[in-house]
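> no sequence for this one, just the structure:
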């Protein structure tokens, strides 16, 4: 590395951008607002995908693929939905270019104008429910439990790598059910899957809750979400699961014959997580030395670095490393041996630290004599000498310990969650950051005003919380339950 | 099934369409030329993806993701490439909709016109080489071995499910090298990977060859391809691997400092296979009863069907099936037990035959008494009674046998490959179908005329073939080698 990263305490936002770039995770592309996900970043995303996909399949879902294009008339069918997405639609209007008759290059061929414009999917409820119309006739066709992995486009004016990009990758589950109760259970089940993934794989503790009507998905009856707290005290919405009621079934006329032989509209859910999770992963654990990855999602879990002066020494070290490398691999550990000779070991140490590799093993001539190996942990930045005998078992146990230790940020969240009862305290705490639990009178007007004055939004109405009488911090009106406010990404 | 499929011998094209629909592989969407890949079809595609992805990684490649949008100016940079794709581009011109001031619905907001139009990627050479410009400085940065899995759009006027659709899914590998030789080796390596996949996984024998200049990828120096022969005697291009020379490096100014400390343009390859492979898989093996899948790509390898009269009998049978089901699963076999009570076993037999499940196990009360089980093979449509003792081993061996047997279509290809030396014989044989090996004078004019008069194209110039002097079947001019003609999909 040429120079160190910006410090979190000095410029959190720059620190984030620099980690994303220098750890080779992603970069801005030549197309405004669209990113290139680089191989190292994509390898993390692939691990996320695989884990989530396995969880979706374990809960009975199957994958499919629906078109990229949404006819404009489809978007118009569900009114709230249309309103929610109209302002950020990429629109295809023509299907051909031709040579420029007035000079060089290509122009859009005016003769190839589409009769009906096509929208690049910002989400696929409309296309999918138009398809489900033909798939659902009887209660026997239900439930339909389908997911798709794909790209979507929402035209954003201000973008940030992973956190908010015009094109992003995601999965969107779309299910159809014969009863309201079953659809609500599915909505909650998938929220649980997301929370489990965030906590057990990403090592990120999350709050589960409901969105206020203002923050609901356009077209949903109820939006469930998981919210995580970043190191700068801002919240990040990490996943949403929507109970859509019969809204889309009615807009696309999807009826089925129930067991009582009556026609009924189907009940719907949709749920998604995106490459935004990468942003959460980066911000949740990393430090001023760079990325910190949980072992379960690290493309390289262990890196071995030889410490040597001469190429003869390197050969001797490699003789010892090669069988160890194979043993680690055989134990299911993703391991890299970096014996490249064009960089010094000190440079390599910094490089793999920057890239968040959970364990670094260093082996020099002295270690060979002593039968030891140096084991460095990325999460704690500590190192110790270990007997090389039994090192595979030690590494396996250590990976598990690191995965658990990283989740300790639960303590961070608890320390940064505050109960606040007055408007003055509220404003001050929002300024300092963290999750702020406060009473709210339940009106959109109050929510809007609080946002205008403090930039804080209601992140969620927590699922697990006790009813408690109180007064709204803003209006002073009665409230039966605290909600979670924070500034958010 | 309501009624049987059309017969291949009577209407091959209808037979194909009906299999795709009735086996639940895919269907046309509401968007012209775009398909919905249904869960059963997508499960096959997922198996293909996994196998190919493992092969790419085993040959040193990594995955990444590049933007969906190609600025029009990028497409213009490589002239041949621009010309090749201009006529089939979906063009994004606006980024917002707004409420229709004159009535209901949404209209494209004229105020949100893009300064530069964006093309939905038909392929990603331009976007990727524009990115590589920043990634490649020195020979130490090379080779760059990157692949992406994504959707692409080529506006097609006449579409067919899987074989030719406006949007399709594919992978595109894009590599950069420091020498011409290395890039050519990569091009050939990836052709080999495709051929191995087609033969060992899909069970489809392929011819490897070079495209004639006419049929080359727009912007390539040389296009390698694999060609498969379908049951109706038509050829299907199953994958291509392009040696791009320095064309894209020059268009996007991608130079590196070589070991001699000189500036040099990088050498490129690109290679891709798409959901078109699904079409090849379906057409290669299936019969008048439906789909025939090779065990390695079958989402369900074994289906177990209980044969019973009363629910008491079903319970007794299920007691026997459940441990067998677990044993098969533990042996790594993908197995389904269809104990649904709303269809008769005869209906189920036909249904899983239609869906191409390689092995069907039938178990009735008589079998229980005798300690037997009925084993039916999809590929040969034969069945036999087997002792239930040791059935897991039997099934494992049988799956391998079926995989091998399916590849026997090699014989079909050999029987349908013809050496032809006169124009009359050529025309007659092309009419009958098959691969036709004939002499060609090497000119684009002759190639064009042959296509006009017979609809046959040069599928490839085979990589493995002996030089042999002869006369062009059309012009009579000298030729040094036979090439492969056929009508094609």
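Okay, I see it. All values reported here derive from a predicted model rather than from experimental measurement.
> buried sites along the worst-scoring helix or strand of chain A on mean pLDDT?
Here the helix or strand of chain A ranked lowest by mean pLDDT, DSSP states H and E is helix A:409-415, holding a mean of 82. By 16 or more other CB atoms under 10 Å in any protein chain shown, the buried positions in helix A:409-415 come out as A:409, A:412-413. All C-beta atoms are positioned from the backbone trio N, CA, C, and that covers glycine.
> continuing past that helix, what's the next helix or strand?
Downstream of helix A:409-415, the next assigned helix or strand under DSSP states H and E is strand A:417-419.
> ok, that following strand: who's next to it in the sheet?
Strand A:417-419 pairs in its sheet with strand A:435-439 (parallel), by DSSP bridges.
> Run a quick neighbour tally on residue A:334.
Counted by other CB atoms under 10 Å in any protein chain shown, the residues lying close to residue A:334 total 16.
> Hmm, residue A:299 and it touching each other?
Yes - Residue A:334 lies in contact with residue A:299 (CB atoms under 8 Å); the separation is 6.6 Å.
> Next, the residue in the stretch 251-400 of chain A positioned nearest to chain B: secondary structure please.
Closest contact between the stretch 251-400 of chain A and chain B, by CB to the nearest CB, is at residue A:342 (6.8 Å). Secondary structure, DSSP: H, G, I helix; E, B strand; the rest coil: residue A:342 is coil.
> Need the residues that contact the least confident helix or strand of chain A.
Contact with helix A:409-415 is made by A:203-205, A:229, A:231, A:284-285, A:435, as judged by CB atoms under 8 Å, 6 or more residues apart in numbering or on different chains.
> Mark which of these are part of helices, please.
Cross-referencing the contacts of helix A:409-415 against helices under DSSP state H gives A:284-285.
> Of the contacts of helix A:409-415 - the most surrounded one?
residue A:229 (30 neighbours).
> what sits against that one?
Residues near residue A:229 by CB under 8 Å, 6+ apart: A:205, A:235-236, A:412-413, A:416-417, A:434-435, A:486.
> let's go with 6 Å and repeat that
Neighbour list for residue A:229: A:235, A:413, A:416, A:435 [criterion: CB atoms under 6 Å, 6 or more residues apart in numbering or on different chains].
> For residue B:389, see how far away residue A:5 is.
The span separating residue A:5 from residue B:389 equals 65 Å under the rule CB to CB, to the nearest Å.
> And the two? Which one has more around it.
The neighbour count for residue A:5 versus residue B:389, taken as other CB under 10 Å, is higher for residue A:5 (22 against 11).
> Show the backbone phi and psi for the residue nearest to the spatial centre of chain A.
Nearest residue to the geometric centre of chain A (CA atoms, centre = their mean): residue A:277, 1.4 Å. Note on residue A:277: its backbone torsions stand at phi -60, psi -30 [degrees, to the nearest 10].
> returning to what we had before: now, among the buried residues of helix A:409-415, which is nearest to chain B?
Using CB to the nearest CB, residue A:409 is the member of these that lies nearest chain B, at 28.0 Å.
> Model confidence for residue A:219, exactly?
On the pLDDT scale, residue A:219 is placed at 93.
> For the stretch 251-400 of chain A, list the residues in contact with chain B, please.
Contact residues (CB under 6 Å from any CB of the partner chain) of the stretch 251-400 of chain A with chain B: there are none.
> Could you tell me how many residues sit around the residue of the stretch 151-300 of chain A found nearest chain B?
Nearest residue of the stretch 151-300 of chain A to chain B, counting by CB to the nearest CB: residue A:155, 4.3 Å away. By other CB under 10 Å, the residues close to residue A:155 number 23.
> next one: residue A:43
If we define neighbours as other CB under 10 Å, then residue A:43 has 20 of them.
> Also residue A:433?
18.
> ok, and the closest non-adjacent residue to it?
residue A:233 (1.9 Å; CB to CB, 6 or more residues apart in numbering or on different chains).
> The one you found contacts residue A:431, correct?
No - using CB atoms under 6 Å, residue A:233 makes no contact with residue A:431, being 9.5 Å away.
> ok, the two, which is more surrounded?
For the pair residue A:233 and residue A:431, the greater number of neighbours falls to residue A:233 (19 against 12), based on other CB under 10 Å.
> distance of that one from residue A:211?
21 Å.
> so residue A:363, which of the three states?
Here residue A:363 is recorded as strand under three-state DSSP.
> Just give me the neighbour total for it.
Using other CB under 10 Å, residue A:363 has 22 neighbouring residues.
> Shouldn't residue A:70 be within a strand?
Yes - looking at residue A:70 with three-state DSSP, it is inside a strand.
> related to what we said a few turns ago, pLDDT score for the residue of the stretch 151-300 of chain A closest to chain B?
The predicted local confidence for residue A:155 is 95.
> Also residue A:81?
pLDDT at residue A:81 comes out at 89.
> wait, it sits on residue A:219?
Yes - Residue A:81 is in contact with residue A:219 according to CB under 6 Å; the separation is 3.6 Å.
> intersection of neighbour lists for these two?
Common neighbours of residue A:81 and residue A:219 (CB under 6 Å, 6+ apart) do not exist.
> How far away from the center of its chain is stretch A:307-322?
Mean-position distance between stretch A:307-322 and its chain equals 41 Å (CA atoms, centre = their mean, to the nearest Å).
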